[in-house]
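In: Following is a predicted model, sequence given first.
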Amino acid sequence: MCYLEITVATRPETIEQVAAFLTAGGFSDLVLEDQTQFEDFLDQNRACWDYIDEDLQKKLQDLSCIKLYIEDEDQESLARLETLLENLRQKGGFGDLQMTANPLGEQNWEESWKDNYPPQEVGEKLVVLPYWLAEDYAGSRLPVVLDPGLTFGTGAHPSTQMVLETMEQAVAPDAKCLDLGSGSGILSIAALRLGAKTAVGVDIDPKAEDIARENAAYNGFSAPKFLAYTGNVTGDKALMERLSQAQYDVVLVNIVADVIIGLSPVLPNFMGKNTTLICSGILDTRLNDVVAALEKAGLHITRTKAKEDWRCVSAKRRTL
């Protein structure tokens, strides 16, 4: 069955009214792309601005629209929609309500989203696989299997790729790894694939703890080899003391610049004299700020890696 994707251009201040009018006219399952909601999200998540997709931001700038889907042979519904929109235009105040129709080919809609998650080869050794491709993978790379539908990090972002590439050299056999801001658990799982003895993931979002455990299970890892915790190491003294009792060989922090800066005073608590710290999620414009914070905490930078506008730094404790 083939469909038309109908897009109706609206104004942010009237999008809800237009949607209600179309719903009353018999059109349901509307998709609202509201510029105002996107701007509200930005305002409420200032600490995450480094990770805002710039292409998406440009796409939504000065744009609010409603999308719906009609069978391409359903000319009656299409004509009814055009009549409803013309009635709104005549009322005034809703903009021109320009309508465009984009033909969509016949496909299995329930499964088509999976096409957006092909295998991703990273570095020299690793490949990130969605779980439905894991069983059939016949390559020689070390598989990091994830459920991308669970979000929190799928390995597609340059910052994550740089950490994975750096880990291939930093993670020695039987290493102990700590992953702060673990999200999906991708870095912890990769560390175990690379031969680490244990990996501990910590995230402030309680959902991430369950997601990381589930992704670890896809790879055959569970406690005590992989442990996941919820908490903020800068504010939870009990958690910090528990974590700092271990001697980690590699500490991973793939978040954003401001969070890395906030964490920098406590990072040495998790590091011995030979521990490698890998920090990423840093825009090039924030690199100097992050480096300054790490050096102030008693660390020295051993390597800086670049990919697109992003930077990844490695550091060790400064020795006297």
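Out: Everything's here; your move.
In: So, low pLDDT: which residues of the stretch 101-250 of the chain?
Out: 105-113, 115-116, 149-153 (pLDDT under 70).
In: The stretch 151-300 of the chain: helices as residue ranges?
Out: With DSSP state H, counting those that start in this stretch as the criterion, the stretch 151-300 of the chain has helices at 158-170, 186-193, 206-218, 237-244, 257-263, 287-296.
In: Deepest-packed of those helices, please.
Out: helix 186-193 (a mean of 28; mean count of other CB atoms under 10 Å). Backbone N, C-alpha and C define where each C-beta goes, glycine included.
In: Mind putting the helices of the stretch 151-300 of the chain into JSON lines with distance to residue 118?
Out: Below are these laid out as JSON lines (distance: least, CB to CB, whole Å):
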{"stretch": "helix 158-170", "distance to residue 118": "15"}
{"stretch": "helix 186-193", "distance to residue 118": "16"}
{"stretch": "helix 206-218", "distance to residue 118": "17"}
{"stretch": "helix 237-244", "distance to residue 118": "36"}
{"stretch": "helix 257-263", "distance to residue 118": "30"}
{"stretch": "helix 287-296", "distance to residue 118": "31"}
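In: To residue 29, which of those helices lies closest?
Out: helix 206-218 (26.5 Å; CB to CB).
In: Return that closest one as PDB; C-alpha atoms alone will do.
Out: C-alpha atoms of helix 206-218 as PDB (Å, rounded to 0.1, in the frame of the first residue of the first chain):
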ATOM      1  CA  PRO A 206      17.800   6.300  36.300                       C
ATOM      2  CA  LYS A 207      16.500   5.100  32.900                       C
ATOM      3  CA  ALA A 208      20.000   4.900  31.600                       C
ATOM      4  CA  GLU A 209      20.900   2.300  34.300                       C
ATOM      5  CA  ASP A 210      18.300  -0.100  33.100                       C
ATOM      6  CA  ILE A 211      19.100   0.600  29.400                       C
ATOM      7  CA  ALA A 212      22.800   0.000  29.900                       C
ATOM      8  CA  ARG A 213      22.100  -3.300  31.700                       C
ATOM      9  CA  GLU A 214      19.900  -4.400  28.900                       C
ATOM     10  CA  ASN A 215      22.400  -3.500  26.200                       C
ATOM     11  CA  ALA A 216      25.100  -5.300  28.200                       C
ATOM     12  CA  ALA A 217      23.000  -8.400  28.300                       C
ATOM     13  CA  TYR A 218      22.700  -8.300  24.500                       C
END
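In: quick one, that helix and helix 186-193 angle?
Out: Our comparison of helix 206-218 with helix 186-193, counting by axes from the mean of the first three to the mean of the last three CA atoms, to 10 degrees, yields an angle of 30 degrees.
In: which helices and strands sit right next to helix 206-218?
Out: strand 142-146, helix 186-193, strand 198-203, strand 226-230 (3 or more CB pairs under 8 Å, 6 or more residues apart in numbering; DSSP states H and E).
In: and that helix with strand 142-146, angle?
Out: 140 degrees.
In: And the contacts of helix 206-218?
Out: 131, 134, 145-147, 150-152, 182-186, 188-189, 192, 201, 203, 222, 226, 228-230 (CB atoms under 8 Å, 6 or more residues apart in numbering).
In: so what's residue 72 closest to, chain neighbours aside?
Out: residue 2 (4.7 Å; CB to CB, 6 or more residues apart in numbering).
In: doesn't residue 103 make contact with that neighbour?
Out: Yes - using CB atoms under 8 Å, residue 2 is in contact with residue 103, at 6.8 Å.
In: shared neighbours of those two, anything?
Out: Common neighbours of residue 2 and residue 103 (CB under 8 Å, 6+ apart) are residue 72.
In: re earlier: of the helices and strands packed on helix 206-218, which approaches residue 261 most closely?
Out: That would be, of the helices and strands packed on helix 206-218 and by CB to CB, strand 198-203, which comes in at 17.6 Å.
In: I am finished for the moment; much appreciated.
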